[in-house]
Each structure stands twice: as structure tokens, then as C-alpha cells.
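Visitor: Compute the structure for the input listed below.
(chains A and B)
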Amino acid sequence: MPSQKLGKMSVAVTIREAAAKAFNSLYNLDIKPADILVNATKPEFEGEYTIVLFAFVKQLKKSPDALGNELGGYLLQHESHLFSAFNVIKGFLNLSVTDSYWINFLQQQHSNTSFGRKPKNGQKVMVEYSSPNTNKPLHLGHLRNNFLGWSIAAILEANGFDIVKTCIVNDRGIHICKSMIAWQLFANGATPQTTGQKGDHFVGDYYVKFNDEYKRQTEELITKGLTKEQAEKEAPIMKAAQQMLLDWEAGQPDVMALWQQMNSWVYAGFDETYKRIGTDFDKVYYESNTYLLGKDLVESGLAKGVFFQKEDGSVWIDLTADGLDEKIVRRKDGTAVYITQDIGLAVNKYDEYRCDQSIYVVGDEQNYHFKVLKLIAQKLQLPAADGIYHLSYGMVELPTGKMKSREGTVVDADDLVDEMINISRQKTEELGKVKDFNAAELEALYNTIGLGALKFFLLRVDPKKRMVFNPEESIDFHGFTGPFIQYTHARIKSILRKEETANAVAGSTAGNTLLMLEKDVINWLEQFPAVMDEAGNEHDPSKLAIYIFNLAKIFNSFLSEHSIVYAESPEKKTLRLQLARLTAYTLSKGMQLLGIQVPERM
RNA sequence: GACCCGGUAGCUCAGCUGAAUAGAGCAACUGCCUUCUAAGCAGUAGGUCAUUGGUUUGAAUCCAAUCCGGGUCACCA
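Guide: Numbering: from 1, shown residues only, chains lettered A, B, ... in the order given. Sure thing, here's the model as predicted:
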């Protein structure tokens, strides 16, 4: 069994409490259960859980051996329903949990369709993720963002929170104007319909065209004797884009019409991608509506003395006492800056939803920004302030380094999903296990496997860390992957389809003696609720991904050694069917919380 | 320059609120399909946990310094 920290796992909790009681009775010593270190027992020793004794040896002036034996003896005598044996090795007290404890657990949970799910806790959490720009299609980095945001929302929801999923669309600014100008210059009225292109890709192509032309124009100006800086400033296409931004802000009708037209193409494209990858939102904010927010907050901040004004009229906050710098919150021309908008939006969100926590799934290059945002909100004493939480995730890099649009190394989201689905089609055909599927069933299966592989790959890593994506090697269908878990699920379902009758599962399992591998599976299953807690509290779906991978692995080991269909006795068969059933449920549930489907057959 | 994050097997990653000989997956090598799906199972090999010093009964884990990599410190978003 994989060893890992057993922070809040339920038997471990019970063991701590029992041990604390034992310390009290034996030595009149008051120890908090939380201060007792309980680990999974290493496979080479007998037992499932281990109490680490070193911390108490000095205090009690006893040898580790003596302490272990006294404590073990006490626990065995007073908690005989829980412990069946113990041994002491060095400072470690290894405890064996009784078969009846495990069998009881399985008997109670095998048909529980809300295993691991917590009741509503009355708290509300907003999760903002995705947050695309409307000048180019989604790429690999957006996929990590989307999968993370969606998954953490699902996990928190299962942990009892009410969830509001939101997205802020960056639909205004100079970058959109660049696409617009290029379209005016080069498109000859072309549309996604006339070119048969997906709208976001269509608009993205004009963004690229802008940059190509811009580069051409600057080079031309440089040959005419301008410096690089001058040329970049003077290039006509850049000036046109800047003028267009002014026109947009002035609300000029033809600019607004073009803007709306191009954004609507992009949204149609995004919607298609979102639908494919299973992303959805309860509320979408548009920056064109929020970019003026927060200005009144600057006034109140000035009145409160949180902000100060410089001679040129610009408004600042001094965060040097907090180890940061001075930050501008309003330009001298009176317009709001990025951070001010964000404060305004935070207030808006709070007024609308009254969330206890507001999670922003945003890349780690904005760590500083969110630190500032929260600090300012706190200094303004906004009710939303303490709930601000930046779920910072690392960039996805390629083996060659960072993705760069200028060098054409950006991995496009649609292309990648297509490729994953193609690979899963190819592998499925090679294996030839689902030849009786009809076309629609096959399509669904390819999608399930291809997206499963992709999502699992991006979610199995600690969000905080940057990760490397190797297009050739990273996506595998063996080992620590989505398809491995899907496959394990499909195999279990295949057995259950044949053997799972009401009688077979509901029978008595009381007389069973558990084999090692059976115990391993049950023990691991029992930790699912605690892992859900951990994944939610730490905003970390990778904890869940690692857990279900281990569950699948442990179950497969069990299955290769012991037969369910040809179990040694009817009681054994019932027990193993319960085991299979709860495993299938947990794998399926765990995957669902990662946004991944599991097939009945594959 | 200041601040933040990271450096664990050839590669990708766990472990980092201190505890037993540091774990997976991939890649390499060996076995296992006449009984529940071989997208599987069992095994072999592979590590001075960046370096140095410190705290501790005990350090990959905590502290300090150094080296390497990344990010941020815009009247950009």
C-alpha cells in the first residue's frame, strides 16, 4: 500500500482518540489526539496503522519498547473491536485493525451513493476561472486553468459548499482593436461562415495578421532611418489600433458594431470549445462592463486616508509597510487601472452573491497582483476582503521552454483535444474490444478516453507547480493516467454486470477472514472522504487524482490474485462484490470531480 | 537591485505541518493471457533528495548562506 500522511483519515482519527485515552488512563497524561502521530504501517511490518512513540518517550521516562508494549496491550484490551494485534519495533507501535471493523465499514458503505459527499455547510464560494481574451483562441494554459477551476468547484460542492462559477471575459482593450483593424484591412468582408472557420480561430488569425503587418511596417520605417522605438510608435497600423481604442471608448457606432460582431464570432468559438471540454459558468462578467468600476472606491479610500494623492493628481496606496511597493490606483487622467477595476468587481460580486470565499484561478505570474488586491480590499475594510483567495497555478511549458505565440509554439486547445481523441480512437481500434459499439457509442468513448487522458494529465500535478507538457511523450494511456483508471472501472463494471444480483451483494459477509489484498482495498476506500476534505481545503485536485490512481492500482493487484466470480465461498463472493462495487463507485466519483467520465466498457 | 516560487531516479512527478531501508508512472530489462477486459499484474535495475553549514533523539522535510532555473516589482492587463 502506498504510504502517505494520514492527517484526517477516519480510522486514524479513531486511533488517535483511543491512544489519547490510553495515555490518560495509563499515565494520567493529557495529550491531544491531534498531537499523536499515526502513520500507515510500512508494508514490511505487520499491521495497518502505526503510532510513532518518540515524542512521548522522554516525557514518560520509559523506553520505547516498554511504552509501546504497555500502550499496545491497553489498546488491545480496551478497544478489542478495533484492534486485533500489535507489535513494537524501535519507537513504532504497529497496530492491526480487526477484520470486523473493515467488514462493517464495507457492509455499511457499499451501496451508499453519496459516499464521501458532505452535507451542505451553509457556506458559499465563488470560483472564477478561464478568463479568456477575445482576440485569440484558447491554448494549453487555458486548459489547465479551466480544468482546475471546474474541478475545484466540483470538489468544494461535494464538500458541502454552494458554488458560483464565474468567468471574466477580457473583451476590450488594445488587443481586440488589433484584430479589428487587421480584419478591416485584410478580410474583404470575410466571416467565419464564408471561410468555414471556427470564430475564435478566425479572429485569432487577424490578430496574427496585425502583428505580421506591424512588424513589416516597423522594419520599413527603420530602413527609412527611424530608431526601433520611433518605428514602433509611428507604424500606421499601430496608430490605427490606438485610434480605434479611443473610438471604442467614445462609443463610436461603427466601431462598436464591428467590436460586437467580432466578439460574437469569438464567443461562438469559445462556446464550442467549452462545451467539448465540459466547462460551464453560472455567471459571466465582461470587462467592457466592469472596467470603469472601482472609481468611487478610490474616493472613499482617499477620505479614509487609505490612499494618497500625488501632485500630478494620480492616486496611490503605500504598501511599503507590508513589504510591497507603492501602487497606483487611479491615473492622473482620472481613469481606473487594472487593480481598481478588480476591487470594483470584487465588490460587485460580493453585493450580488455574498460569497464567504472568492477563489480566483489565475496564473502565478499574478501572485503579486492578488497580494496587492487583497491588501487593498482589507485596508478599505471591504466585506469581500478576507474571502479573496488566489488559486495560483504554474505555467504549462513545453520541453523547448515556454510557449510563445510569436514563435508559433503555442499548443492550441482545439487541436490538442482533437489529437487526444484521435489517439484514443487509434488505440481503441488496435485493441478491438468494442467492435459491437455503434458509431455514436464509439464517438462518445473516444471523447471520454481522449479528454480523460488530457484532463488527468493536467490535474495530476500540484496546481502551484509549473509543469512540462511533452506532446510526444506526455500523453500516455498506461500507468498514472486517466485511461488506466477508466479501464479499471470498465473491468469492474464488466464483472458486476455478470455477477451483481441483489442477492449476491446483500448477503452476509460477517464470517469472513480478510486476505491482505482485500484489506488493502477496503483500507484505501475508507480514506476517500478524508482525501476529499484535503483536496478541498488545499484547493488541490491532484490529491484526489493521486488517490484514485492508487485505488485503481490496489484494486488491480487484488483482482489479479483473487477471483470474484470463483470466490472460495458465497460469503467471500458477496464481500468481493461489495468491494468491487464501492471501488467502482469511488473511482467514478473521484473522476467525476476531476471532470472526467468513466466508461462502462472500453 | 528587492521580493516570491522551485531544484527529489535518464524523463514526468509524489512525499515537504520532522520519524522505520526516500515512492509512483514512463523509458530499459525478466516473467504472466485454456477462468472476471494484458489500456492489466508480478519482478529487476536506477537516487551524495542542488551545495554547505546549523537546530534535533531523528532532516528530502525546519533555519541560514551559496549556486542554478522561473516569476514579479508598469499611469499594461
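
Visitor: What part of chain A, helix or strand, is modelled with the least confidence?
Guide: Taking all helices and strands of chain A together, the one with the lowest average confidence (mean pLDDT, DSSP states H and E) is helix A:502-506, at a mean of 72.

Visitor: Run a quick check on residue A:262 versus residue A:176, I expect a contact.
Guide: Yes. Using C-beta atoms under 8 Å, residue A:262 makes contact with residue A:176 at a distance of 7.3 Å. No exception for glycine: its C-beta is placed from N, CA and C like everyone else's.

Visitor: Report the set of residues contacting both of these two.
Guide: Counting by C-beta atoms under 8 Å, 6 or more residues apart in numbering, the shared contacts of residue A:262 and residue A:176 are residue A:134.

Visitor: quick revisit: following the least confident helix or strand of chain A, which helix or strand comes up?
Guide: Sequence-wise, the next helix or strand beyond helix A:502-506 is helix A:516-526, with elements assigned using DSSP states H and E.

Visitor: and that next one, does that touch RNA strand B?
Guide: No. Figure legend: helix A:516-526 not in contact with RNA strand B (C-beta under 7 Å from any atom of the strand); closest approach 8.6 Å.

Visitor: my guess is residue A:456 meets residue A:485, correct?
Guide: Yes. With contacts counted by C-beta under 8 Å, residue A:456 reaches residue A:485, the gap being 7.3 Å.

Visitor: Near RNA strand B, which residues of the stretch 251-400 of chain A? Just list them.
Guide: For the stretch 251-400 of chain A, the residues in contact with RNA strand B under the definition C-beta under 7 Å from any atom of the strand are A:287, A:291, A:310, A:312, A:314, A:323, A:325, A:328, A:331-333, A:337-338, A:364-369, A:395, A:399.

Visitor: in stretch A:170-180, what's buried?
Guide: Across stretch A:170-180, burial judged by 16 or more other C-beta atoms under 10 Å covers A:170-173, A:175-180.

Visitor: So which of the residues you listed reach RNA strand B?
Guide: Applying C-beta under 7 Å from any atom of the strand, the subset of the buried residues of stretch A:170-180 adjacent to RNA strand B comprises A:170, A:173.

Visitor: Please identify which pair of the buried residues of stretch A:170-180 lies farthest apart.
Guide: Greatest spacing in those, by C-beta to C-beta: A:170 and A:180 (14.7 Å).

Visitor: Now residue A:125: phi and psi?
Guide: phi -130, psi 130 (degrees, to the nearest 10).

Visitor: Tell me who's in contact with the spatially closest residue to residue A:201 that is not a sequence neighbour.
Guide: When the adjacent residues along the chain are set aside, residue A:201 lies closest to residue A:137, with 5.1 Å between them (C-beta to C-beta, 6 or more residues apart in numbering). Contact analysis of residue A:137 by C-beta under 8 Å, 6+ apart lists A:198, A:200-201, A:204, A:269, A:273, A:412-414.

Visitor: Now do the end-to-end distance for stretch A:374-387.
Guide: The straight-line separation of the ends of stretch A:374-387 (C-alpha to C-alpha, to the nearest Å) is 9 Å.

Visitor: Repeat that for stretch A:131-139.
Guide: First-to-last residue span, stretch A:131-139, C-alpha to C-alpha: 12 Å.

Visitor: ok now it, how far from the chain's centre?
Guide: Distance of stretch A:131-139 from the chain centroid (C-alpha atoms, centre = their mean, to the nearest Å) equals 20 Å.
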